[in-house]
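>>> Give me the fold of what follows.
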Amino acid sequence: MSTRFAVIVPAYDEADTIPGTLAALAAQTDTAFRLIVVDNGSTDDTAGVVRRFAATAPFPVEVVTESERGAGTAADTGFRHAIATGAVFLARTDADCRPVSDWVATARSYLIGGAALVCGRSIPRRDEQPTWPERHLFPAAVRLAALYGRYRRTHRAPGFRTPYVLIHGHNLALTADLYLTCGGTAREPLEAGSEDVTLLNRARRHTDRIVRAEDLIVEASLRRLRAWGARRTLLWYWDRRWRPASTTEVHVR
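This is a model prediction of the structure:
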């Protein structure tokens, strides 16, 4: 049943880019899911775009409102709404991303197969015409940073039941049971921390069934990389060691 698998998409002022995300989800080979878009206090027509899409979507669509700003906060609201209304499997992507056509099918396969948390692979969006460095050098730097993260003392505490892996908030899937057991996504502003890493480390204290899945693929936007440059973007993802001067600059549009 579609109510048992839910896809969560947090969205803030994404009226221009979320149509591509919705189209990618509509093109899934497995459409036995429901979509929950969490409107995180948008000032544009994000919610209206989603509601108009819902009229012809090949799956049920809901718009949930979360006024407290933060991708993690919005994601948590969406996850908990999905669970409260019957979801047992959960997946998340973002409103500027394009999941490949077998994304839902692949996520479902891992979860049915026994994985509790599935951490997928991120590649640049093809429609943004990535350069060679954007396609190869920056992703390599991210992977090196993740390898470093595996050996950081904070990620090697005795209570962790499985090694640290690279995780992207815009490409993950997990069970409702694990989400509730571990405490879920951190409810915090985007600039306060990496909510995906927090979720991973919370999950690592409760299960060893965490999978890094190279075949679970989402195309992610390059807009932050292009706005901030490689150095600042990497420092942002590295415990927010660089942050924009104002909170409004955090949301690159």
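>>> Need the pLDDT of the residue lying closest to Arg80 once chain neighbours are set aside.
Excluding the flanking residues, the one nearest Arg80 by C-beta to C-beta, 6 or more residues apart in numbering is Gly184, at 7.1 Å. Backbone N, C-alpha and C define where each C-beta goes, glycine included. pLDDT, Gly184: 97.
>>> mind checking how far Gly184 is from His206?
11 Å (C-beta to C-beta, to the nearest Å).
>>> which one of these two has more residues nearby?
Gly184 (22 against 19; other C-beta atoms under 10 Å).
>>> now the one helix or strand in the chain whose mean pLDDT sits lowest, how far from the centre of its chain.
Among the helices and strands of the chain, helix 138-151 carries the lowest confidence by mean pLDDT, DSSP states H and E, at a mean of 85. Relative to its chain's centre, helix 138-151 lies at 18 Å (C-alpha atoms, centre = their mean, to the nearest Å).
>>> One more: stretch 20-34?
On C-alpha atoms, centre = their mean, the centre of stretch 20-34 falls 15 Å from the chain's centre.
>>> just stretch 68-85 next, same as before
The answer for stretch 68-85 is 12 Å, by C-alpha atoms, centre = their mean.
>>> Which parts of that stretch count as buried, going by neighbours?
Within stretch 68-85, the residues that qualify as buried are 69-83, counting by 16 or more other C-beta atoms under 10 Å.
>>> can I assume Pro124 is in contact with Ala220?
Yes - at 6.7 Å, Pro124 counts as touching Ala220 under the criterion of C-beta atoms under 8 Å.
>>> which of the two has more neighbours?
Neighbour count, other C-beta under 10 Å: between Pro124 and Ala220, Ala220 has more, with 23 against 19.
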